[in-house]
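Asker: Give the three-dimensional model of this entry:
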Amino acid sequence: MAGEAQDIGKGPGAGLLTPGWAAPAILFLVATFLGYAWVLDLDHLGWDAWPLIASTHLEGPGDLLGLFTTEFMGGLFPDGHFYRPLTSLSFAVDGLLWGTRSAGFHHTDLLLLALNTLAVFHLSRRLSSTGSRSISSVAAYCAAALFLLHPLQVELLPAAPRRADALCLLFTLLALSSAVRPLSQTPARRWLLALLITAAALSKETGLLALPLVTLVTHLRSEESPDRLRRTIYKLLPAIAVLAAALVLRTLVLSGLGGYDGGAPERGGVTGLAAIADLPTNLGEYAKYVLYPQPLFTSPSPGPVLVLLCSSICLAAVGCLRARPRAHNSPIPFLMLWLAGTALVSSAAGRVSWWYGLQFLPPLVLLLAQFMEHASAALSKGKRMNATLLGLVALACALPLVSRSGALVEYTEWQRGSAATQKWLAHAHSALEPARQGARVTLVGMPVGVDSASQGPAVHSAALLAPYSLVAWLEIHFPGRTFRLMERQGQSLDAGPQDTGRLPIHIEFTRRLVP
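Answerer: Coordinates of the predicted model:
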């Protein structure tokens with residue numbers, strides 16, 4: 001009956017490929033492409049877009065293998081060294097299908113959003129703590145809608161390189177959905193789980209969190225016994241082995257651990273364990289990005305609102321656990337630990353960016369879905385006050401998100417940035433096309449980003465072009481030609497084949513923010 005506690009992972013949720021998957025899949029796909037259709041009209045945006053397109057161009061099977069044996073972006077990224085072959089592979093597939101047409105890449109990003117939304121929906125069903133299929137379905141649809149409509153999506157979707165976060169999250173959600181299925185763990189299932197966990201880590205480094213999350217949820221759903229931990233580890237031995245092999249390959253490719261360079265303080269701070277000291281500060285930033293990303297009021301400080309929301313969530317979680325006679329089997333502790341683990345891993349990166357907040361969204365919206373289920377259970381038992389309080393907490397968290405969604409509110413920063421980028425690159429192409437080797441060309445005002453509004457709803461991370469973006473763009477559009485880029489009062493960069501004996505075309509450029 002409704003309100004009865006169930007073990008974690010034994011809710012009434014259907015599997016991804018059971019008859020109940022088609023309707024939500026179609027719904028989320030249509031909602032994604034209708035709500036975010038404006039993204040399809042944008043140019044290639046984000047500093048890493050052109051470097052990724054250039055470094056993932058495939059001309060033969062050897063190039064495909066090279067995606068797994070070379071550094072991310074072919075080493076063009078100036079601030080660090082990374083290994084993300086599955087993200088590179090997604091760009092390579094887009095390149096084969098679409099060439100350099102930006103709309104094709106944006107179609108892939110919207111498809112990833114729809115798939116992640118579907119994965120959140122099914123994970124919510126499987127983590128359901130109520131025996132009522134209708135209540136769990138309503139809560140799951142609400143969780144999926146909050147994920148789909150969250151304002152952070154507008155920081156992520158228009159810049160295709162940021163799909164690394166979405167791809168990593170998709171494999172993590174699929175791994176968790178597989179781990180909580182109330183079926184016996186067959187060898188085939190264990191190896192599938194191993195591949196999903198490893199795929200998350202090969203999409204982005206934050207995917208390493210997938211293994212401890214799967215370990216935790218597998219342990220929590222297993223029967224209590226003296227050898228409970230040993231059986232959990234045994235089930236995950238294939239995942240541990242495959243992930244370890246992938247990490248060894250990563251270390252060999254990068255000749256070390258990789259990560260951000262410490263010598264670029266303007267793009268962040270220290271990295272690794274030293275960055276954990278910044279955890280309290282980073283937590284405050286991510287709380288703002290996830291719970292209150294866009295202002296609802298004219299007050300310039302979101303501090304009081306964040307304190308109220310965070311306190312309400314913690315008190316609601318404690319209240320739900322105390323109301324359950326078998327609280328240790330509730331998914332709420334797991335979801336809270338998921339949030340804590342995400343905060344720890346994100347802080348270790350040493351850099352706080354708006355789109356990094358995507359990893360916090362699933363545990364948050366799944367937690368709110370739990371509050372809805374508990375509110376329904378309390379109402380069925382006549383505890384109207386408890387139900388009202390839980391409903392108010394869920395509503396207070398959802399209101400700032402839905403009301404400022406990029407699917408419902410017009411944000412113009414990306415459109416302005418796209419128009420400026422197209423215009424500047426068209427001017428650059430017309431100026432460089434007739435230039436001979438040894439010529440000098442001046443390109444003024446390369447758009448590097450968009451100056452966001454100081455007050456009110458705005459996109460805060462609209463990156464456009466960077467010097468290394470221009471290097472990759474030149475190598476794609478002018479193959480075989482040699483360039484030397486010189487920024488006024490800045491460093492120089494080379495593009496195209498070097499040591500050819502020819503004088504390079506000298507490009508002097510300046511940067512600007514799009515107003």
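
Asker: Going by C-alpha atoms from here, please, whenever you check contacts or count neighbours.
Answerer: Will do.

Asker: If you count contacts, what does the longest helix along the chain end up packed against?
Answerer: When the chain is scanned for its longest helix (criterion: DSSP state H), the result is helix 102-126. When contacts are defined as 3 or more C-alpha pairs under 8 Å, 6 or more residues apart in numbering; DSSP states H and E, helix 102-126 packs onto helix 22-35, helix 85-98, helix 133-149, helix 163-179, helix 361-380.

Asker: Mind putting the ones you listed into JSON lines with mean pLDDT and distance to Lys423?
Answerer: Converted to JSON lines, the helices and strands packed on helix 102-126 look like this (pLDDT from 0 to 100; distance: least, C-alpha to C-alpha, whole Å):
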{"stretch": "helix 22-35", "mean pLDDT": "95", "distance to Lys423": "26"}
{"stretch": "helix 85-98", "mean pLDDT": "96", "distance to Lys423": "21"}
{"stretch": "helix 133-149", "mean pLDDT": "94", "distance to Lys423": "31"}
{"stretch": "helix 163-179", "mean pLDDT": "96", "distance to Lys423": "25"}
{"stretch": "helix 361-380", "mean pLDDT": "93", "distance to Lys423": "36"}
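
Asker: among these, which is nearest Ser346?
Answerer: Smallest distance to Ser346 across the helices and strands packed on helix 102-126 (C-alpha to C-alpha): 11.5 Å, for helix 163-179.

Asker: quick check: angle from that closest one to helix 102-126?
Answerer: Orientation check (axes from the mean of the first three to the mean of the last three C-alpha atoms, to 10 degrees): helix 163-179 against helix 102-126 gives 30 degrees.

Asker: Report the distance from helix 163-179 to the chain centre.
Answerer: 10 Å (C-alpha atoms, centre = their mean, to the nearest Å).

Asker: From the rest of the structure, what touches the helix or strand that comes right after that helix?
Answerer: From helix 163-179 onward toward the C-terminus, using DSSP states H and E, the following helix or strand is helix 187-203. Here helix 187-203 makes contact (C-alpha atoms under 8 Å, 6 or more residues apart in numbering) with 83-87, 164-165, 167-172, 174-175, 178-179, 206-208, 210-211, 235-236, 238-240, 242-243, 246.

Asker: buried sites along helix 187-203?
Answerer: Neighbour-count burial for helix 187-203 flags 190-203 (criterion: 16 or more other C-alpha atoms under 10 Å).

Asker: Need the CA coordinates for it. CSV is fine.
Answerer: Taking C-alpha atoms only, helix 187-203 is exported to CSV below (Å, rounded to 0.1, in the frame of the first residue of the first chain):
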residue,chain,number,x,y,z
PRO,A,187,28.0,-12.2,-15.4
ALA,A,188,26.7,-10.4,-18.4
ARG,A,189,25.2,-7.7,-16.2
ARG,A,190,28.4,-7.3,-14.3
TRP,A,191,30.4,-6.7,-17.4
LEU,A,192,27.8,-4.3,-18.7
LEU,A,193,28.0,-2.4,-15.5
ALA,A,194,31.8,-2.4,-15.8
LEU,A,195,31.6,-0.9,-19.3
LEU,A,196,29.1,1.8,-18.2
ILE,A,197,31.3,2.8,-15.2
THR,A,198,34.4,3.0,-17.4
ALA,A,199,32.6,4.9,-20.1
ALA,A,200,31.7,7.6,-17.5
ALA,A,201,35.4,8.0,-16.6
LEU,A,202,36.4,8.0,-20.2
SER,A,203,34.0,10.9,-20.9
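
Asker: about what we covered before: list the buried residues in the longest helix of the chain.
Answerer: Quick answer for helix 102-126 (16+ other C-alpha under 10 Å): 102-103, 105-126.

Asker: do the same with stretch 22-34
Answerer: Buried residues in stretch 22-34 (16+ other C-alpha under 10 Å): 24-25, 28-29, 31-33.

Asker: How many residues are close by Lys423?
Answerer: 12 (other C-alpha atoms under 10 Å).

Asker: Now do it against His429, distance only.
Answerer: Counting by C-alpha to C-alpha, to the nearest Å, the gap between Lys423 and His429 amounts to 10 Å.

Asker: try Gly99
Answerer: Counting by C-alpha to C-alpha, the gap from Gly99 to His429 is 18 Å.

Asker: How about Leu169?
Answerer: Leu169 is 37 Å from His429, where distance means C-alpha to C-alpha.

Asker: Looking at those two, which one has more neighbours?
Answerer: Taking neighbours as other C-alpha under 10 Å, Leu169 and His429 compare with Leu169 leading, 27 against 14.

Asker: Tell me how this protein divides into domains.
Answerer: 19-402, 413-514 (automatic domain parsing).

Asker: looking at the ones you listed, which is buried most?
Answerer: Highest mean neighbour count of the domains of the chain: domain 19-402, a mean of 20 (counted as mean count of other C-alpha atoms under 10 Å).

Asker: Give me the distance from it to the chain's centre.
Answerer: Mean C-alpha position of domain 19-402 versus that of the full chain (C-alpha atoms, centre = their mean) differs by 6 Å.

Asker: Give me the residue at the spatial middle of this structure.
Answerer: Residue closest to the mean C-alpha point of the chain, counted by C-alpha atoms, centre = their mean, is Asp165 at 2.7 Å.
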